[in-house]
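1. quick one, fold the following:
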Amino acid sequence: MGGGAAILALVLAARITFPVLELAAFKTGKVILSRMISPETTFALGFRHSVELSFVWDLFRPDGEDRLVLYETRFHSSNAGLPSSLAEGETIHLEKDILRITGRRQRIASLHFWVNSESENTLIINGKETYLLAELAGDGLLELSLRRRDIFSYGALKFKSLLQ
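-> The predicted structure follows:
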């Protein structure tokens with residue numbers, strides 16, 4: 001009976017999935033960062049604008065359906081290549097020297113973006129964990145997405161990253 005209970009526990013563990021924030025190299029699919037998240041997790045993706053030389057931050061959270069929700073953007077000016085108009089339901093605020101577009105509700109299955117060391121692309125999770133993406137992945141096209149993983153596939157990803 002003990003062996004049967006262990007097998008049942010393994011089968012159940014393989015069926016229970018949870019959301020994982022994954023950063024991968026777009027061309028190869030190699031997972032660079034894999035992190036379990038909760039519905040309360042927030043993360044910011046930022047880069048240094050090449051003309052303005054100031055940071056632009058997009059703030060995201062999960063939507064409960066394995067999509068990213070862009071809910072706010074922060075930047076210092078609305079010159080070349082920066083937001084200059086609002087979508088329905090969005091508002092813009094000036095707080096000190098930062099422009100904030102709030103009320104955003106863009107749902108995204110995955111986000112593709114170019115990383116290079118000059119742009120200082122940065123990912124911050126829950127305001128605590130900071131990842132400099134060019135140091136982590138090198139220059140190139142990356143994909144940020146939410147995936148559902150079971151404990152075994154998540155463990156395999158983590159083990160593989162330890163070996164690299």
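2. so which residues of this protein form strands?
-> 17-25, 31-36, 43-48, 55-62, 68-75, 91-95, 98-108, 110-115, 122-125, 129-132, 140-150 (DSSP state E).
3. which among the ones you listed is found nearest to Phe159?
-> strand 31-36 (10.9 Å; Cβ to Cβ). Just so you know, the C-beta spots here come from the backbone N, C-alpha and C atoms, and that holds for glycine as well.
4. helices or strands up against that closest one?
-> Applying 3 or more Cβ pairs under 8 Å, 6 or more residues apart in numbering; DSSP states H and E, we find strand 31-36 packed against strand 17-25, helix 133-137, helix 151-163.
5. low-confidence ranges in this structure?
-> Confidence mapping of the chain against pLDDT under 70 gives the ranges 1-2, 4-14, 79-84, 162-164.
6. how near is Tyr154 to Gln106?
-> Tyr154 sits 27 Å away from Gln106, going by Cβ to Cβ, to the nearest Å.
7. wait, Thr122
-> 20 Å.
8. these two: who's more crowded?
-> Between Thr122 and Gln106, Thr122 has the larger neighbour count (other Cβ atoms under 10 Å), namely 19 against 14.
9. for the more buried one, what are its contacts?
-> 44-47, 130-133 (Cβ atoms under 8 Å, 6 or more residues apart in numbering).
10. quick one, phi psi at the residue lying closest to Arg48 once chain neighbours are set aside?
-> Closest residue to Arg48 apart from its sequence neighbours, by Cβ to Cβ, 6 or more residues apart in numbering: Glu120 at 4.6 Å. Dihedral angles of Glu120 (phi, psi; degrees, to the nearest 10) stand at phi 50, psi 40.
11. how many other residues sit next to Glu120?
-> There are 15 residues near Glu120, going by other Cβ under 10 Å.
12. from memory it sits against Ser50, does it?
-> No - applying Cβ atoms under 8 Å, one finds Glu120 not in contact with Ser50, separated by 10.8 Å.
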